[in-house]
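A.B. asks: got a predicted model here, sequence first, then my questions.
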Amino acid sequence: MVRAPYFDKNGTKKGAWSEEEDKKLIAYVHKYGHPNWRQLPKFAGLQRCGKSCRLRWMNYLRPNLKRGNYTPKEDEIIMDLHQKHGNKWSLIAESLHGRTDNEIKNYWHSHLKKFQNSNNNTSCDEDLKSIGCKDFEMPTNEALGVESLHILESSVSISSETSYTDHNSPSLSSSSSHTESTMNLCKEEESVASLETLDSGFSNNFWTEPFISENALNQDYFPISSYMTEPFYLW
DNA sequence: AACAGGGGCAACCGCCGTCGA
DNA sequence: TTCGACGGCGGTTGCCCCTGT
């Protein structure tokens, strides 16, 4: 499913992320935030480029991510916003709480594109009905905002029943678990609380092993105080 | 049972906008 | 004003898995 890990000529690791790398990245961002993606891998002890770390975090590791099947309502919103804005995936993602632009982009290309293409012949609602949206009603523009809110609310309700540790297993790269799980932690408190839960999911020596970054911090690379006084400003 | 082709999705690449020096 | 660093975005790629033959 993913590219096999390899090292480029600069010694930078590419390809699929390992569980250990995920742990390092999660723990580092959890602890220090991500003030500088380019420097982050060096301090976190990762042989990745900053962009790769950012992408992994934004699309996969950060809290509040919602994974798994799209609801018909989400389909509606994507279709509608794509019609309005085109391939502005980040814009569309803003209206689908917990979905990433990358995920929406993939979903569009693999699922929804064909329905828009067939739109030339049939209406959008016909297509959506055909894919199983039983209570489908073509929403008004005003209603769409409300629908987005509903999705947000449902995410919250799901998240309250969902443990972060469920999704931070080695199967983070396993597609089967992706479809079954969500990473909905829509409230900040829940995110923090869940990260504490996450701690227990890691091996003991992982947390007792000091970060490379910790040494770096001692070398005045990081304004550590500001990050320690503004915990989790990033999410 | 074996094979081929397509689908799905994580990850990479390159471009662009923003910001600070 | 210019330039470099950085983050963000959209397009594309690579590869595993599933399904049909």
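C.D. replies: Cool, the structure landed. Everything numeric in this text was worked out from a predicted model, so none of it was measured.
A.B. asks: alpha carbons only for contacts and neighbour counts from here, please
C.D. replies: Noted.
A.B. asks: how's chain A carved up into domains?
C.D. replies: A:6-63+A:185-229, A:72-164 (automatic domain parsing).
A.B. asks: comparing these, which gets the lowest mean pLDDT score?
C.D. replies: Mean pLDDT is lowest for domain A:72-164 out of these, coming in at a mean of 63.
A.B. asks: pop out the phi and psi values for the residue in chain A positioned nearest to DNA strand B.
C.D. replies: Taking Cα to the nearest atom of the strand, DNA strand B has its nearest neighbour within chain A at A:Lys14, 3.1 Å off. With angles defined as degrees, to the nearest 10, A:Lys14 sits at phi -130, psi 170.
A.B. asks: give me the neighbour count for it.
C.D. replies: 16 (other Cα atoms under 10 Å).
A.B. asks: how far away is it from A:Ser52?
C.D. replies: Separation of A:Lys14 from A:Ser52 (Cα to Cα, to the nearest Å): 8 Å.
A.B. asks: do the same with A:His85
C.D. replies: Using Cα to Cα, we find A:His85 at a distance of 27 Å from A:Ser52.
A.B. asks: how about A:Ile77?
C.D. replies: In terms of Cα to Cα, A:Ile77 sits 29 Å off from A:Ser52.
A.B. asks: more neighbours: which of these two?
C.D. replies: The neighbour count for A:Ile77 versus A:Ser52, taken as other Cα under 10 Å, is higher for A:Ile77 (21 against 17).
A.B. asks: check contacts around A:Tyr6.
C.D. replies: With contacts defined as Cα atoms under 8 Å, 6 or more residues apart in numbering, A:Tyr6 is in contact with A:Lys13, A:Lys14, A:Gly15.
A.B. asks: excluding its backbone neighbours, what's nearest the last one?
C.D. replies: Spelled out, it's A:Gly15. A:Pro5 (4.2 Å; Cα to Cα, 6 or more residues apart in numbering).
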